[in-house]
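Engineer: Here is the input, now give the coordinates:
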Amino acid sequence: MALVDETRMEETGFRMSEATAGDFFALLKPRVMSLVVFTAFVGLVAAPTPINPAIAVIAILAIAIGAGASGALNMWYDADIDAVMTRTASRPVPSGRVTPGEALSFGLVLSALSVMTLGVLVNWLSAALLAFTIFFYAVIYTMWLKRWTPQNIVIGGAAGAIPPVIGWAAVTGSVSLESVILFLIIFLWTPPHFWALALFKSQDYERAGIPMLPNVAGEASTRRQIFAYALLLAPVGVAPWLLGYASIAYGIAAALLGAGFVWYAWKVLRMPDSDRVMRPAKALFGYSLLYLFAIFAVYLADSVVERMLAAAGGA
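Structural biologist: So this is what the prediction gives:
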């Protein structure tokens, strides 16, 4: 009888596993989560309204859990394509360390926990934005866009761009133009970042049947679109200074970082077809990570210094 029950559980995807705590932590996509938490923290600190430190910690923890929930739901649904891609084959679900049922249950429980915690203990606008983010990433992007359109990462990038808006809303209970600009920086950064990756991982995406831009429109079109997005991103990165939300120091740093992004994108645009190693694309992918971290770190430092100067002046 026990053998029959175990067989039935394996067929339904709810077989018990021997997963470790580390396997469940990997389901949260910790590297992606760290970026989400950081950008949300910047939105929270940059907001003009003071917030109780305990409430701030709760907000960041809830956002982190929500981001992890999105990652777990993504890994549950994408286990089939993760299994055929070298970059993702070792993830907990396709490798068999975590069952699909466990990943799904884990993601759903964390989703509900994060949204309810943020709503009850912080405010319901930030909770609604978090719920929308989880839904958009897990359902709209993972279940639909990713497998059906080469513009998957463009539209789906909205989910990764919302965290600073959630952080802002957690403090103010509202959404402002300043938080929307932070959203736009990440939104415009996402396509060139992932298309650079797709250029040198195109065989992986082809095996998995994912219509990433290089596999559908070709490498030349992808390189042109990467450069076009870089040209859009550079001035938007400087916009907080242009609109009076940040100091000239931020403006200079953002301009230099944006120029660097355009330069790396230009090298990708001019990349010879004979370069099968895709060195310029790999360089842009690496720089794009540095760009996003640096521009948000500078914005964070600028906000903290401005607040300290205002406090000193008031004293």
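
Engineer: can we go C-alpha only for contacts and neighbour counts from here?
Structural biologist: Fine.

Engineer: Which positions within the helix or strand in which Ser111 is found qualify as buried?
Structural biologist: Per DSSP states H and E: Ser111 is located in helix 100-121. When burial is assessed from 16 or more other Cα atoms under 10 Å, helix 100-121 yields the following buried residues: 100-108, 110-111, 113-119.

Engineer: what's the spacing between Trp195 and Val238?
Structural biologist: Trp195 is 23 Å from Val238, where distance means Cα to Cα, to the nearest Å.

Engineer: how does the protein divide into domains?
Structural biologist: Recorded structural domains for the chain (assignment: automatic domain parsing) are 17-175, 176-310.

Engineer: any idea whether the spatially most central residue of the chain is helix, strand or coil?
Structural biologist: Centroid-nearest residue in the chain, with Cα atoms, centre = their mean: Gly160, separated by 3.6 Å. Counting by DSSP: H, G, I helix; E, B strand; the rest coil, the backbone at Gly160 sits in helix.

Engineer: for it, what are its contacts?
Structural biologist: Val36, Thr133, Ile186, Phe187 (Cα atoms under 8 Å, 6 or more residues apart in numbering).

Engineer: Sketch out the low-pLDDT regions of the chain for me.
Structural biologist: The model of the chain has pLDDT under 70 over residues 1-17, 275-276, 314-315.

Engineer: on that earlier part again, next structured bit after the helix holding Ser111?
Structural biologist: Helices and strands here follow DSSP H and E; after helix 100-121, the next one along the chain is helix 124-135.

Engineer: Sort out which residues of that next one are buried, please.
Structural biologist: For helix 124-135, burial by neighbour count (16+ other Cα under 10 Å) applies to Trp124, Leu125, Ser126, Ala127, Ala128, Leu129, Leu130, Ala131, Thr133, Ile134, Phe135.

Engineer: For Pro211, state which of those residues is nearest.
Structural biologist: Of all those, Pro211 sits closest to Phe135, with 21.5 Å by Cα to Cα.

Engineer: Quick check: Arg207 touching Val84?
Structural biologist: Yes - if you go by Cα atoms under 8 Å, Arg207 and Val84 touch, sitting 6.7 Å apart.

Engineer: Now do the SS call for Ser95.
Structural biologist: On the basis of three-state DSSP, Ser95 is classed as coil.

Engineer: looking at it, it is touching Ala83, isn't it?
Structural biologist: Yes - between Ser95 and Ala83 there is a contact at 7.3 Å, judged by Cα under 8 Å.

Engineer: shared neighbours of these two, anything?
Structural biologist: Taking Cα under 8 Å, 6+ apart as the contact rule, Ser95 and Ala83 both touch Ala89.

Engineer: So between those two, which is more surrounded?
Structural biologist: Ala83 (18 against 14; other Cα atoms under 10 Å).

Engineer: Who's the closest spatial neighbour of the more buried one, skipping the chain neighbours?
Structural biologist: Once flanking residues are discounted, Ala83 sits nearest to Ala89: 4.4 Å by Cα to Cα, 6 or more residues apart in numbering.

Engineer: quick one: the strands in this protein?
Structural biologist: With DSSP state E as the definition, the chain shows no strands.

Engineer: Next one: the closest residue to Ile248 other than its chain neighbours relative to Tyr299, how far apart?
Structural biologist: Distances taken as Cα to Cα, 6+ apart place Trp241 nearest to Ile248, at 6.4 Å, with adjacent residues excluded. For Trp241, the distance to Tyr299 equals 10 Å [Cα to Cα].
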